[in-house]
Structures are given as structure tokens and as C-alpha cells.
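Participant: Just the structure for this:
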Amino acid sequence: MRLTHFGHSCILLEHNDTTILFDPGNFSHGFEGITGLDAVLVTHQHPDHADPARLPALLEANPGAALFSDPQSASMLDGDWSAVRPGDTFAVGNLTVRGTGGRHAVIHPELPVIDNTAYLVGDDENPARLLHPGDSLYIPHEKVDVLALPSAAPWLKIWESVDYLRAINPRVAVPIHQGIITDQANGIFYGRYSEMAPEGTEFRVLKHEDDQEV
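Facilitator: Residues are numbered from 1 along each chain as shown. Predicted coordinates:
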């Protein structure tokens, strides 16, 4: 499985001759020129996960891509988006995707909680090859191979992300959602996640726009 990180929560997955792009938002960069996508998956409506300014051009360049999102985003975004609810399962190329979670993490009790669909992507050998949780700390209670780990957010403390990483206990964890902090601050977060990851988990930072096998 190959992953390319385009900043923040935008990840390109290439596996089993199938290509999926997650959360092309306005804090991400470099995804604009991608073609040949099998699917675009959006976890929730916030613009740092679904950029309304650049999505139309991306979709125009990928007319064959299937579009999936949480139910609220499906009704808001331009294009033929299929709403994915917790428990929904669908095929993308040679992969199977399951919708999980359902709700965005609480930012503040006075703010409404919006939809957030986490995605589990699997193949014939492992139904949970990759978990992209969006803006949530959803635990699927199954063996996840690679976790896209939220690393910094208005709704997140370091200890919460560390405990989430330990609860998932993946083979590999790659940090996402760091677009809200400066590059100089990354080490504060990454250092804690690396040193406090469970035994057997590799915490790996993906260099932006550089595809890596995981």
C-alpha cells in the first residue's frame, strides 16, 4: 500500500490497482493535478477537509471518480455525492470501504456537533487496512493496519491522541491534521506520539507530496 500526504488530512491511497483520495481541503496542497482517481472520500463538511474552491476542478479532471461523503456534506457539495453512514459498505475498485463513526468530535458544548464519517478501507487479506477517522477519535475495535492519526486540532489534546493511538494499536501510524500548527511546532506533537506509541507501532511522518510504501 502506498500513501501520499498532501498536507493536513488529505491522503492519497494506492493499493490493489485502486486509487482513493481523502479529504482534499483548503489547508492541503498538491492534490490539484491528480488524475485517474477511482474515488474521492470526504469525512465532513469543514473546508479544511473539503475545499469548495478547488474541488470542482479536481472532480472535472477525474470524471470517473466515485464521490462519497458524510450525509450532511453530500447535500452541500456540488457533484453527485453518495452519503455514507455508519455501517454502510461499498466497493471502490479492488477495495472495500466501510463507513464508521458518524459524529465529529466536540469542539465546544455550545457548538452543534456535525456529521463525520470515518472510513475503514480493506482488501481480501485485511478488512481494516487503513483507518481515516476525519475529525474524530472513533475506535472500530478491530485490528487496524495503518492509522491516519489526528495530531493537532481545536478539539484535541495530546493525551487524547496518545490514548487513541494506544487504543487502535496499529502497525503504522501516520500523523494528519497538523495544518493548524506551524512547522516549528510539529516536533512537540510528533515527539510525544513517537515516544508514547504502543510497542510494535511505527510512528511515521510522511513527507508532503512524496509517496511512500507502508
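
Participant: Going by C-alpha atoms from here, please, whenever you check contacts or count neighbours.
Facilitator: Fine.

Participant: Could you pull up the contacting residues of the most centrally placed residue in the chain?
Facilitator: Nearest to the mean C-alpha position of the chain, by CA atoms, centre = their mean, lies residue 132 at 3.5 Å. Residues in contact with residue 132 (CA atoms under 8 Å, 6 or more residues apart in numbering) are 118-120, 147-149.

Participant: Looking at neighbours, which among these is most surrounded?
Facilitator: The most neighbours of any of the contacts of residue 132, using other CA atoms under 10 Å, belong to residue 118, which has 32 neighbours.

Participant: what are the C-alpha coordinates of the helix or strand that one falls within, in CSV please?
Facilitator: According to DSSP states H and E, residue 118 maps onto strand 115-122. C-alpha atoms of strand 115-122 as CSV (Å, rounded to 0.1, in the frame of the first residue of the first chain):
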residue,chain,number,x,y,z
ASP,A,115,-21.6,14.5,10.8
ASN,A,116,-18.2,12.9,10.4
THR,A,117,-17.9,9.6,8.6
ALA,A,118,-14.7,7.7,9.4
TYR,A,119,-13.5,5.3,6.7
LEU,A,120,-12.1,1.8,7.0
VAL,A,121,-10.5,0.6,3.8
GLY,A,122,-9.8,-3.1,3.4
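
Participant: And the contacts of it?
Facilitator: Residues contacting strand 115-122 (CA under 8 Å, 6+ apart): 42-45, 69-72, 84-86, 95-104, 127-136, 138.
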